[in-house]
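Colleague: Fold the following and give me the result.
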Amino acid sequence: MEFFDLVFDVPMPQTFTYRVDSTTKGEAGVGKRVLAPFGRRELVGYVIAGREQAPAGLDIGRVRSIRRVVDAAPIFDSQTIALAQWLSAFYFCSLGEALATMIPSGRRATSSRVFTINDNEISDTALELSGEQERALKVIIAPQALPPRDPIALNETTPSSLPPPSMFYLYGITGSGKTEVFLRAAQTMLDAGKSVIYLVPEIALTHQTTEAIGKRFGAVASTLHSGMTPSVRFTEWTRIIRGEARVIVGPRSAVFAPARNLGLIVIDEEHDGSYKSGSAPRYHARQVAMRRCSAEGARLLMGSATPSLEAWKLMGDKLITRLDLTRRLSGGNLPEIQPVNLAHTEGCLSKELKEEIRKTAHMGRQTILFLNRRGFAYFYHCPACGYELTCKNCSVSLTWHRDRNQALCHYCGHHETPPLACPQCGSLTAGYAGFGTEMIEDEVRRAFPDLRIRRADADSTSVKGSLQETLELFKAHCFDILLGTQMVAKGLNFPGVRLVGVVLADSGLHLPDFRAVERVFSLIVQVAGRSGRYFPDGKVIVQTYRPNDPSIVSACALDVAGFFKAELAQRETLGFPPYTRLIRFTIRGKDEQRANAAISRLASIIAPLLPPSADMLGPAECPISVIAQNHRRQILIRGKSMSTLHGATRAILAAYERGKDSRVHLEVDVDPVSLL
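Modeller: Got it, this is the predicted structure:
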């Protein structure tokens, strides 16, 4: 081949043709990365096609040469390119951006291994299955008739030429043995010569799952995640390509692993919002998994104690096969959950919670305290003049971190020393209110000086490996109380935990986002599930200022079905997902007037291009209207058919590109998970 078509990690939809010279001829090839001149820079490009002659109409004399070939052997194939093309089309990004998201950036092979398993640990450690687990496994691995096609339910991620995937959902209470069914299904696929991708919400929080997979499957297990060094990640990628690794575990990006003969994709804790990417391409791992399973004939197995509302509706519509696990297998029962009204409580801890902490300690057992808010206090207010201390770069309050005496923005990182008096009127009554994990830690240490306490949040676990160390020490009963944010609520299994205290259940309840209530409900149920997994006396205290809020009442009753029934009825009435689909357009720019002008122009473009079956919400300021000095404005388009919205969006973007202001940026988010 004399010429090759390249794409780059830039927001440009076209491909670029380059030629080889005497130094790169014979080395370049489809599926490899190369270093090539791009404008005045040199960038890594992805070779997606080769040709003997330059495209018609292209001046050969102006065709530039590839400078260097990065890879000795291809690291992606035609199947990867096809998936990237779908990703590019569905999420409105360039093919180069899609490939850059999918493929690790490392170059140098290394001898480091993610799993180091001794021979005597590779033996079969499978647990005996309960009757419910056995029945679920039989359904998952049995030959299946394909479900009926429903484009809205299946997210319209597949063209009609592809069959809908076989999809299963393990809906089970916490501690009911979902992981063992996942592993048994994976073993069945391995025995059949197939590969398995096992997705977990966040790799730092799923060490126990990673460890279990390593011990169960040994050398054929691998992991992929962004926290690995590029060289180690690239080594694992090449092991997967060669077929040496056939069980791949990792967070959302592992869904792109080049697994050979894919038989199964598992999505553990399917409800978790971290499966949605927050940067371009803004893909959802569940949608990508559906696409891959359709294209490659694999099965999709999901599981959670609190499914996403989308998955719950699909189960109700019989488009996902629901498999129930109703009892805990380790001797524990569902915990007793007690709501406590904080209205007349001084400090952060109610007397009921303090009594249970002391009782739990006397029993030689452990406590988890959960608050989804970092820092010491989060709201600086002056009662005299109404002044509020906010970030100079973002439209959010600065959170006080007392251990470093800094008021910190959790969005852009700006920090400053908190004022001693109100900067506006000089009043000495001004100060911080509200409480975060640091304040809780302070109060717990004062109330229980004899107990051992450890905090686990983004501040206390910023050093690599510190979170894993904290969780291992807690599991070994090296301290009595674990206090943390949502990182202590997900997928963790601690035999010694009797008590869980939700310090403030209302946190996040009234955010201006239609999914806020669903997220709060899931978090409470998930963190409650850490209690009493091995003993029948688990206890959960849920502190709240709104004990009669329907989501709080349902969470305390562990009434998942009742909550989802009510929430689905409200979503249907309001016309929100899963009854409709959304595409979000966000304008951001340093200059507020330019941002306002751009969103107004975008609205004028959208209005005539929307079909009658769709509507436009906005334009409006984003709920967080400024982040890092960028003014943010948004428009939502809504409809029942994603194909209709997609067609309109393509026309909208084409019209917007003509005469756009280069000093503002447009972001497009298909099926947004957060509207903040």
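
Colleague: Just the buried residues of stretch 237-248, please?
Modeller: 237, 238, 239, 240, 241, 245, 246, 247, 248 (16 or more other Cβ atoms under 10 Å). No exception for glycine: its C-beta is placed from N, CA and C like everyone else's.

Colleague: Equivalent analysis for stretch 464-481, please.
Modeller: Result for stretch 464-481 [16+ other Cβ under 10 Å]: buried residues 467, 468, 470, 471, 474, 475, 480, 481.

Colleague: for that stretch, how far is the first residue from the last?
Modeller: 22 Å (Cα to Cα, to the nearest Å).

Colleague: With stretch 576-591 instead?
Modeller: 32 Å.

Colleague: Quick check: chain neighbours aside, which residue is closest to the most centrally placed residue in the chain?
Modeller: The centre of the chain sits closest to residue 274, judged by Cα atoms, centre = their mean, with a distance of 1.0 Å. Counting by Cβ to Cβ, 6 or more residues apart in numbering, residue 274 lies nearest to residue 201, which is 4.8 Å off, once chain neighbours are set aside.

Colleague: and residue 4, helix, strand or coil?
Modeller: strand (DSSP: H, G, I helix; E, B strand; the rest coil).

Colleague: Okay, and the residue nearest to residue 274 sits in which element?
Modeller: For residue 201, there is no host helix or strand (DSSP states H and E).

Colleague: Can you report phi and psi for it?
Modeller: Dihedral pair for residue 201: phi -60, psi -50, per degrees, to the nearest 10.

Colleague: Need the pLDDT of the closest residue to residue 296 other than its chain neighbours.
Modeller: With sequence-adjacent residues excluded and distances taken as Cβ to Cβ, 6+ apart, residue 296 is closest to residue 262, at 4.7 Å. On pLDDT, residue 262 comes in at 96.

Colleague: cool, and the one 10 residues further on?
Modeller: According to the per-residue confidence, residue 272 scores 92 in pLDDT.

Colleague: Which parts of this protein belong to which domain?
Modeller: 3-102, 119-325, 336-376+435-570, 581-670 (automatic domain parsing).

Colleague: Save those as CSV, and put in distance to residue 408 too.
Modeller: Below are the domains of the chain laid out as CSV (distance: least, Cβ to Cβ, whole Å):
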stretch, distance to residue 408
domain 3-102, 30
domain 119-325, 20
domain 336-376+435-570, 7
domain 581-670, 14
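
Colleague: So which of those domains is nearest residue 390?
Modeller: domain 581-670 (9.3 Å; Cβ to Cβ).

Colleague: show me what contacts residue 131?
Modeller: Applying Cβ atoms under 8 Å, 6 or more residues apart in numbering to residue 131 gives no contacts.

Colleague: returning to what we had before: among the buried residues of stretch 237-248, which are in helices?
Modeller: 237, 238, 239, 240, 241 (DSSP state H).

Colleague: neighbours of residue 512, just the number please.
Modeller: By the criterion of other Cβ atoms under 10 Å, residue 512 has 10 neighbours.

Colleague: From residue 371, how far off is it?
Modeller: For residue 512, the distance to residue 371 equals 21 Å [Cβ to Cβ, to the nearest Å].

Colleague: ditto for residue 329
Modeller: Taking Cβ to Cβ, one finds residue 329 at 30 Å from residue 371.

Colleague: now the helices for the stretch 351-500 of the chain?
Modeller: 351-362, 437-447, 466-475 (DSSP state H, counting those that start in this stretch).

Colleague: Now find how far off-centre the first one is within its chain.
Modeller: Counting by Cα atoms, centre = their mean, to the nearest Å, helix 351-362 is centred 34 Å from the centre of its parent chain.

Colleague: Which SSE is immediately downstream of the helix or strand in which residue 524 is found?
Modeller: In this assignment (DSSP H and E), residue 524 forms part of helix 516-528. Following the chain from helix 516-528 toward its C-terminal end, the next helix or strand by DSSP H and E is strand 539-544.

Colleague: so what does that next one touch, helix or strand wise?
Modeller: strand 336-341, helix 351-362, strand 497-502, helix 516-528, helix 550-556 (3 or more Cβ pairs under 8 Å, 6 or more residues apart in numbering; DSSP states H and E).

Colleague: And the fourth one, what's buried?
Modeller: Put plainly, it is helix 516-528. 516-528.

Colleague: Out of these, which two sit at the greatest distance?
Modeller: 516 and 528 (18.9 Å).

Colleague: okay, and for the stretch 401-550 of the chain, where does confidence drop off?
Modeller: For the stretch 401-550 of the chain, the stretches flagged by pLDDT under 70 are 433, 435, 458-462, 489-492, 534.

Colleague: re earlier: confirm for me that the residue nearest to residue 274 is in contact with residue 249.
Modeller: No - contact status for residue 201 versus residue 249: not in contact, 11.8 Å apart, counting by Cβ atoms under 8 Å.

Colleague: more neighbours, those two?
Modeller: Per other Cβ under 10 Å, whichever of residue 201 and residue 249 has more neighbours is residue 249, with 29 against 24.

Colleague: so what's the more buried one up against?
Modeller: Applying Cβ under 8 Å, 6+ apart, we find residue 249 in contact with 198, 199, 200, 206, 209, 210, 213, 221, 222, 223, 224.

Colleague: what about 6 Å?
Modeller: 198, 210, 213, 223 (Cβ atoms under 6 Å, 6 or more residues apart in numbering).

Colleague: quick one: the residue nearest to residue 274 from residue 273, how far?
Modeller: In terms of Cβ to Cβ, residue 201 sits 8 Å off from residue 273.

Colleague: ditto for residue 105
Modeller: From residue 105 to residue 273 the distance is 25 Å (Cβ to Cβ).

Colleague: Neighbour count: these two, which is higher?
Modeller: Neighbours per residue, other Cβ under 10 Å: of residue 105 and residue 273, the larger number sits with residue 273, 16 against 13.

Colleague: ok, that one touching residue 523?
Modeller: No - counting by Cβ atoms under 6 Å, residue 273 stays clear of residue 523, with 10.4 Å between them.

Colleague: Sweet, I'm off.
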